[in-house]
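1. no FASTA, just this:
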């Protein structure tokens, strides 16, 4: 009936032409990502406004994820745009060199403190590992290297230290300005790049709330240090993103698949959501169909339990943004038919600390062992359907909420279908049940004879107030 795995797509120039954004919405995108690494604030604000308008036009929830750039650990520019580095030759990264005068011998760096994080024998990986430099020595502003893996190196490519250890803070002055912009267009989530520990998340959350933001926080796992501190990071954040580009460079490509599986499992265990990102449908930047390897990549993430899969350049600058989303939608739906994707033993032996948590998880256990057509959570804050979404199931979870922020906040969570729903004041229990079932029947979700699980509270519009679970049979 519904696709459970959510799709995050990045906004960009490709979305501005040929009605691509509207086509992306029709193809099934759930969350639109604003990438602060590119474009201007004015461009971002304009695109977010278009997303909000399309959400109202089609009466569907669309979340906004504002992705902060993070520290610019990059080289600067070459005089001719690029150079060819030859294996075995010397190449210098020079913090004091003019930013636009790079050549085959040296280039400037944007992160001026880089030499303080390095020692002789370190390996620097540039352009997602396509270029490798071995550090021979460090003299004043110069990092003198030997080319280990050569090739074409162009302007503004990123720098990673193999094994991690760069000290640049996760939040830059640009990020702090962009947080204010994100709060201004009421972003549902801000994503913090190059997170090292829980302190990075706490700082971002405080700045976001101070700027008037009411959304939540995503921790992008792309540093090896983050893996060492992953438990505290997951506890501090709302969602983690497996950002496989920089993470794969730092820990090595062979270590990336097990790391991804472990991160998804750990987040679910701690009742947090996961977005799997980077190069999922990379070939579709230029081609209208995915490779078989990309199909398997998306499918494996769904099988592992990811809440969402993300597209970057595929929709921001690619030729076929709506077809890419349609292909991802098709893959997710097919994989979700498999029985193993619907099975769960999540926290089956755990004790619960809160009543609404017990109601949420108890309702899901019942649903998975009874012939239930739909699960409904009458929610103000969204906590109950979020807990429900941690249980693997083939049964849709309908989050009925009067809160606009909750309506869009729930868009990344696996299996959750948000619906705006306001009850009259002083509604009686029987009347509430009837209104809910009538709504589901109007949307052709249930029919006579179906069983529906209802989770709600004795008092309306109270946060964390879910304290009742009811099983009803649909009738006339």
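-> That came through, no problem. Keep in mind the model is a prediction, meaning the values are calculated, not measured.
2. show me where the stretch 251-400 of the chain dips below the pLDDT cut-off.
-> Regions of the stretch 251-400 of the chain meeting the criterion pLDDT under 70 cover residues 341-352.
3. could you pull out the helices in it for me?
-> 256-269, 292-304, 313-316, 321-335, 355-368, 383-388 (DSSP state H, counting those that start in this stretch).
4. export these to CSV and tack on distance to residue 174?
-> (Each C-beta comes from the backbone N, C-alpha and C, glycine too.) Compiled in CSV, the helices of the stretch 251-400 of the chain are given as follows (distance: least, C-beta to C-beta, whole Å):
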stretch, distance to residue 174
helix 256-269, 27
helix 292-304, 31
helix 313-316, 19
helix 321-335, 27
helix 355-368, 38
helix 383-388, 31
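5. and those as a markdown table, adding mean neighbour count and distance to residue 189?
-> Conversion of those to a markdown table gives the following (neighbours: other C-beta atoms under 10 Å; distance: least, C-beta to C-beta, whole Å):
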| stretch | mean neighbour count | distance to residue 189 |
| --- | --- | --- |
| helix 256-269 | 18 | 15 |
| helix 292-304 | 18 | 19 |
| helix 313-316 | 25 | 17 |
| helix 321-335 | 22 | 19 |
| helix 355-368 | 20 | 21 |
| helix 383-388 | 25 | 13 |
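6. between those helices, which gets nearest to residue 52?
-> Between residue 52 and the helices of the stretch 251-400 of the chain, the tightest spacing by C-beta to C-beta is seen for helix 313-316, at 17.8 Å.
7. go ahead and flag the most central residue of this structure.
-> residue 275 (4.0 Å; C-alpha atoms, centre = their mean).
8. closest to residue 240 out of the helices of the stretch 251-400 of the chain?
-> So among these, helix 256-269 is nearest, using C-beta to C-beta, at 5.2 Å.
9. about what we covered before: roughly how far apart are the residue nearest to the centre of the chain and residue 248?
-> Per C-beta to C-beta, to the nearest Å, residue 275 is found 16 Å from residue 248.
10. this protein - how does it break down into domains?
-> Per the record, the chain has its domains at 6-70+169-339, 82-161, 355-473, by automatic domain parsing.
11. with distance to residue 76 added, can I get the ones you listed in CSV?
-> CSV is the format used below for the domains of the chain (distance: least, C-beta to C-beta, whole Å):
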stretch, distance to residue 76
domain 6-70+169-339, 16
domain 82-161, 4
domain 355-473, 36
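12. quick one, what contacts the closest residue to residue 63 other than its chain neighbours?
-> In this structure, residue 63 finds its nearest non-sequential neighbour in residue 411, 3.4 Å apart by C-beta to C-beta, 6 or more residues apart in numbering. Neighbouring residues of residue 411 by C-beta atoms under 8 Å, 6 or more residues apart in numbering: 6, 30, 31, 61, 62, 63, 188, 418.
13. residue 144: which of the helices of the stretch 251-400 of the chain is closest?
-> helix 256-269 (30.3 Å).
14. do I have it right that residue 133 meets residue 144?
-> No - using C-beta atoms under 8 Å, residue 133 makes no contact with residue 144, being 9.6 Å away.
15. more neighbours: which of these two?
-> Under the criterion of other C-beta atoms under 10 Å, the comparison of residue 133 against residue 144 puts residue 133 first, with 25 against 17.
16. can you tell me which residues contact that one?
-> So residue 133 contacts 91, 93, 123, 124, 125, 126, 145, 146, 147, 148 (C-beta under 8 Å, 6+ apart).
17. after whichever strand or helix holds it, which helix or strand is next?
-> For residue 133, the host element (DSSP states H and E) is strand 131-139. Downstream of strand 131-139, the next assigned helix or strand under DSSP H and E is strand 142-149.
18. name the SS class of the residue nearest to residue 63, please.
-> Using DSSP: H, G, I helix; E, B strand; the rest coil, the structure places residue 411 in coil.
19. ok, residue 430 next?
-> Taking three-state DSSP, the label given to residue 430 is helix.
20. let me know how buried it is, in neighbour terms.
-> For residue 430, using other C-beta under 10 Å, the count is 8.
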